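Peer 1: coords below, sequence missing:
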């Protein structure tokens, strides 16, 4: 691994991508994101891909806003 792929203490930089496609799985999506944030090695970014236009996008927008 090159120096530009690691943070200052030598941990690798990691991006995580997860998909969302149905309101019925909203709680699972929230648990997945919470698990990502709780990892020992912190991620550079978490990307949630919303696969279909649905209430998932609206709910994510509402909950992500401060």
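Peer 2: That came in fine, so what should we check first? Everything numeric here is computed off the predicted structure, so don't read it as measured data.
Peer 1: so where's the chain uncertain?
Peer 2: Counting by pLDDT under 70, the low-confidence segments of the chain come to 1-11, 52-66.
Peer 1: most residues in a single helix of it, which one?
Peer 2: For the chain, the helix that runs over the most residues, judged by DSSP state H, is helix 26-37.
Peer 1: Point out the other helices and strands that it packs with.
Peer 2: When contacts are defined as 3 or more Cβ pairs under 8 Å, 6 or more residues apart in numbering; DSSP states H and E, helix 26-37 packs onto strand 15-20, strand 45-50, helix 55-64. Using the backbone N, CA and C atoms, a C-beta is placed for each residue, glycine as well.
Peer 1: Any buried residues in that helix, and which?
Peer 2: 29, 32, 33 (16 or more other Cβ atoms under 10 Å).
Peer 1: what's the nearest residue to the first one if we skip its chain neighbours?
Peer 2: The shortest distance from residue 29 to any non-neighbouring residue, by Cβ to Cβ, 6 or more residues apart in numbering, is to residue 20 (5.0 Å).
Peer 1: and the gap between that neighbour and residue 41?
Peer 2: Per Cβ to Cβ, to the nearest Å, residue 20 is found 23 Å from residue 41.
Peer 1: What of residue 27?
Peer 2: Taking Cβ to Cβ, one finds residue 27 at 25 Å from residue 41.
Peer 1: Please apply the same query to residue 49.
Peer 2: Distance from residue 49 to residue 41, by Cβ to Cβ: 22 Å.
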